[in-house]
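Q: Fold the following.
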Amino acid sequence: MTSSIIRFAAAVTLGAALVAGIAGVQPAAAQGRAATIIGIVDADRLLADSLAAKGVRLEREKYANTYQAQVKDMETKLRAEDQELSQQRGVLAPDVFQQRATAFQQKLADFQGQVKEKQDRLDYSFQQAMQEIGNTIVTISGEVAKAQGITTVIARNQVVYVDPSMDITAPILERINQRLPSVKFQDPATLQVQPPAGGAPGAAPAPGAPAAKIPPAPAKK
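A: Presented below is the predicted three-dimensional model:
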């Protein structure tokens, strides 16, 4: 899963929250004002440039690199075992060979299931940490909007053109870095994860087929 995909489930959520008006900032009509005053927030920039978000991506990269090394090591062992099994095809009795081939396929399926579970846990830890940042962005956006007399805040990706004077991203980013400089990244191995729908591993491929891999860590901004 790439950083752009994960960065916006949160971005989409933020966009919806910002469009609705955040943290008690009500439309002008509800407050008896003559006009709606709009502020624009670049949620993508906040999720990319805040100190907490950078720290979360770094933590994910560390876990991803560790998992990738483990996967590579196991793949090497499985390929060697597959080659050895292939060499024994003409030596072993057909029933014995079939038993060993079946056992190998099961081992391969188990390995792929373990890789998928690690991937799911890592992604879930990442999403949980980014969600905490997203919630803080929503709260602080409301505070900055109130301080500047803004009645409605809209996400930058929801509009085609924006007057730069309407953008309040900078003061929001400054407050986020002060209030939430870091976020705890939960260890994927001990995290309680709700299994995804239909997440059971599929049928094992034939021996020698490449195994699933932990996705690469998000690119650094």
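
Q: give me the low-pLDDT residue ranges for this protein?
A: Within the chain, the stretches falling below the threshold (pLDDT under 70) are 1-34, 193-221.

Q: So for stretch 161-170, what gets flagged as buried?
A: For stretch 161-170, the neighbour count (16 or more other CB atoms under 10 Å) marks 166-169 as buried. Any C-beta I mention is one placed from the backbone N, CA and C, and that applies to glycine too.

Q: Ok, stretch 69-86 next?
A: For stretch 69-86, a neighbour-count test (16+ other CB under 10 Å) marks 71, 74-75, 78, 82, 85 as buried.

Q: Mind exporting the C-alpha coordinates of that stretch to CSV?
A: Listed next in CSV are the C-alpha coordinates belonging to stretch 69-86 (Å, rounded to 0.1, in the frame of the first residue of the first chain):
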residue,chain,number,x,y,z
ALA,A,69,14.4,-8.9,5.5
GLN,A,70,12.5,-11.8,7.2
VAL,A,71,10.4,-12.4,4.1
LYS,A,72,13.5,-12.5,1.9
ASP,A,73,15.2,-15.0,4.1
MET,A,74,12.3,-17.3,4.2
GLU,A,75,11.8,-17.1,0.5
THR,A,76,15.4,-18.1,-0.1
LYS,A,77,14.8,-21.2,2.1
LEU,A,78,11.5,-22.1,0.4
ARG,A,79,13.1,-21.8,-3.1
ALA,A,80,15.9,-24.1,-2.0
GLU,A,81,13.5,-26.6,-0.7
ASP,A,82,11.4,-26.4,-3.9
GLN,A,83,14.5,-27.1,-6.0
GLU,A,84,15.5,-30.1,-3.8
LEU,A,85,12.0,-31.5,-4.1
SER,A,86,12.0,-31.1,-7.9
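
Q: What helices and strands are in contact with the longest helix anywhere in the chain?
A: Longest helix in the chain by number of residues (criterion: DSSP state H): helix 94-147. Under the contact criterion of 3 or more CB pairs under 8 Å, 6 or more residues apart in numbering; DSSP states H and E, helix 94-147 touches helix 3-20, strand 38-41, helix 43-49, helix 51-87, strand 152-155, helix 169-179.
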